[in-house]
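Novice: Sequence and predicted structure below; questions after.
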Amino acid sequence: MDSGQLVNFSALGAQFLVGLSRAMILFIVCSGMSFVLGVLRVPNVAHGSLYMIGAFSAFSISTFLGGSTAGFWLALLLAPFVVALVSLIAERALFCHLYEREHLMLLLFTFALMLIFGDLVKLTWGAEYRSIMAPPFLRGSIPILGSAFPRYNLFLLMIGPLVAISLWLFTNKTKIGKISRAAAVDREMVGAVGINVSWVFAVAFVIGCFLAGLGGALVAPTVSVTLGMDHDIIIEAFLIVTIGGLGNMWGALVGSLIFGLTQAFGILFWPQFAIVFPYAAVVIILILRPRGLLKAVW
Amino acid sequence: MFREISNLKSFGPIAAIFIILLILPPILPRFYTYILALMFVTGLLAMSLNMVVGHGGMFQFHHAAFYGVGAYAFGLILKKTSLPFWMAFGAGPIAAAACGLLIGSFCVRLTRLYFGMLQISLGSLLWAIVFRWYAFTGGGDGIYGIPMPSTLSSAKSSYYFILIIVAISLAVIYLIFKSPFGATLLAIRDNPERCEAIGINVRRHQVAGIVIATFFAGVAGVLFVALERSVFPDLLFWVLSLEIFIMCLLGGWFTFLGPLLGAAITVALRTFVGIYTEYWTLILGVILILLIFFLPEGVMGYVMEKFGSQSYESGDRG
């Protein structure tokens, strides 16, 4: 941007909201990843693939229902459950037999899942670009601060906090949530008091993947749904979870906000290097606070 | 340490293999010469990763970043400047080692998963810069048609060049493993606290290990360019880093030549499976799962275990 005229207050404000709504998507995906990381202590490399499966499932469901408004809501509701089912199968059939193994093996296992899911998506949906239409009342834009702001992004701004509150209620107010928090801190102790740790891990894994699917379904109307979505999101999720503090849900929120906003403002100031800004922010934070901004759960 | 080549007896087979590789190119079709050369390059890359992961116990999650830096430094100097070939050849590994020093010194402040995550972040920053800086690195398209000196113009001569450089590198890596420094690195892997207590500067040794490993990753990057004459940002992408991990796992972490074997198997599979199906990554994923479940010590580790000579002391790296 060469002229100061363009970078005025209203452009800044609009870009701030765009960054904020991007941060909401990132938060939904990353909170799931962070939850799995906190309880299982494994960075789930396949998380991005599950996000992609969520987006493709949402596409299929809404297309199957004729692209109607009801179809959109049903897609948003069902796609995460499809992803949760896929992850439950993978967890119970394969992953649960590996918990005793070292970290590196678990990480490589999730990488294998990523490779397999990527090609399965290609087999099922093909390599074409897909898109979903949001229902009419979420299309178009409304003027905010003198510039047009997409309605769908406003919807995302409402969903994000909703997910944060639900996740907080789940981990703090339900029994299984409390058990999973305990398992994150001291899994031997949880096992010693007679709780089946393997099932706690399964539940945590499936909930984390559910959030990945929800993120994928929510992002589907704003982007073109295509192969390679997994690669784009997973590295961002890794970085966000790291700067937030491993396994810390609020850390995932802080990390997502930093990532989304630096990206949005980067586009405003230096479009060519927009993707470098969030990475640079991450590097600066990690050099100053190598263990992340907030406290890790273990 | 490495029983497979620890006595004179096993130098026989290795020398024999080397001689066979020397006389092969005139007999083989051009395509197979290329595949063999690619195996050597990838093998050197995997061996350099194994220096820090299998041998050093560090979670070097983004090794490909250094491979890419070496390749780009070499390619950019040849393409954009008129500096002599040997200077470009030296600049690749040195640039990679410099990045290794910089990134490594930040990473060794942390351990295990944090180490790995920090390295992924720093390596991804390198990737993002290379990917977006169109004016300098060619961005997402990369750089094609990098000029090579006339002595390296034929497939045969580049094969010999790669074979000799890789052989020298492996010999140096072996000597480093056998040196007191290599033994210290192994000790740090198995018990960093105790090493600290007997007065070893753990972090400095780890940084030194990373610098050496990234140097050889840079050598592999340079050789890749000598073979392919092009560079592209995928060389620095984190997916490649995890693929190198698979190669090490496939060959065997706790063996000397295992990663080389793993890389050779991976390159061969990719080439020949790729002919029949476009779903190569699906097959790679299935192979990886089978390995994790049934052959966690890798092919070489399994062979060593099966045929008497114990591989080497596997430490507690959990």
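Specialist: Nice, I can see it.

Novice: where are the low-confidence patches of chain B?
Specialist: B:1-10, B:307-318 (pLDDT under 70).

Novice: In it, where's the longest helix?
Specialist: Using DSSP state H, we find that the single longest helix of chain B is helix B:202-228.

Novice: buried sites along it?
Specialist: B:202-203, B:205-228 (16 or more other Cβ atoms under 10 Å in any protein chain shown). Heads up, the C-betas are built off the backbone N, CA and C, glycines and all.

Novice: Can you classify A:Pro290 by secondary structure?
Specialist: Recorded secondary structure, A:Pro290: coil (DSSP: H, G, I helix; E, B strand; the rest coil).

Novice: for the chain, what spans make up the helices?
Specialist: Looking at chain A here, since you left the chain open. For chain A, applying DSSP H gives helices covering A:9-40, A:47-64, A:69-93, A:103-125, A:151-173, A:175-185, A:187-192, A:197-219, A:229-244, A:249-269, A:276-288.

Novice: Chain B, not that one
Specialist: Secondary structure of chain B (DSSP H): helices at B:11-23, B:30-52, B:64-80, B:85-107, B:112-132, B:134-137, B:155-178, B:180-190, B:192-197, B:202-228, B:238-251, B:258-276, B:280-294, B:298-306.

Novice: which residues touch residue 237?
Specialist: Went with chain A since none was named. By Cβ atoms under 8 Å, 6 or more residues apart in numbering or on different chains, the residues touching A:Ala237 are A:26, A:29-30, A:33, A:47-48.

Novice: my bad, chain B
Specialist: Counted by Cβ under 8 Å, 6+ apart, B:Phe237 has contacts A:231, B:64, B:127.

Novice: Wait, the first one touches A:Gly48, no?
Specialist: Yes. With contact defined as Cβ atoms under 8 Å, A:His231 and A:Gly48 form a contacting pair (6.7 Å).

Novice: Who has more neighbours out of those two?
Specialist: Set A:His231 next to A:Gly48 and count neighbours by other Cβ atoms under 10 Å in any protein chain shown: A:Gly48 wins out with 28 against 16.

Novice: could you measure the closest residue to the more buried one other than its chain neighbours against A:His103, distance?
Specialist: Once flanking residues are discounted, A:Gly48 sits nearest to A:Ile234: 3.1 Å by Cβ to Cβ, 6 or more residues apart in numbering or on different chains. Distance of A:Ile234 to A:His103, given as Cβ to Cβ, to the nearest Å: 18 Å.

Novice: and these two? which has more neighbours close in?
Specialist: Neighbours were counted for A:Ile234 and for A:His103 using other Cβ under 10 Å; A:Ile234 has more, 26 against 17.

Novice: Please tabulate the helices of chain B in CSV, including the columns distance to chain A.
Specialist: Listed next are the helices of chain B as CSV, based on distance: least, Cβ to the nearest Cβ, whole Å:
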stretch, distance to chain A
helix B:11-23, 29
helix B:30-52, 12
helix B:64-80, 12
helix B:85-107, 6
helix B:112-132, 4
helix B:134-137, 7
helix B:155-178, 20
helix B:180-190, 13
helix B:192-197, 16
helix B:202-228, 13
helix B:238-251, 5
helix B:258-276, 12
helix B:280-294, 3
helix B:298-306, 12
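
Novice: how much space between A:Arg151 and A:Phe16?
Specialist: A:Arg151 sits 17 Å away from A:Phe16, taking Cβ to Cβ as the criterion.

Novice: oh sorry, the question was meant for B:Ala15
Specialist: Separation of B:Ala15 from A:Phe16 (Cβ to Cβ) stands at 67 Å.

Novice: what's next to stretch B:293-303, contact-wise?
Specialist: A:94, A:97-98, A:101, A:105, B:4, B:248-255, B:257-258, B:261-262, B:265, B:291, B:305, B:311.

Novice: cool, stretch B:158-166 as well?
Specialist: Here stretch B:158-166 makes contact (Cβ under 8 Å, 6+ apart) with B:21-22, B:25, B:33-34, B:36-37, B:40-41, B:43-44, B:148, B:152, B:219, B:223, B:226-227.

Novice: at 6 Å instead, please
Specialist: With Cβ atoms under 6 Å, 6 or more residues apart in numbering or on different chains as the test, stretch B:158-166 has contacts from B:21, B:25, B:33, B:37, B:40, B:44, B:152, B:223, B:226-227.
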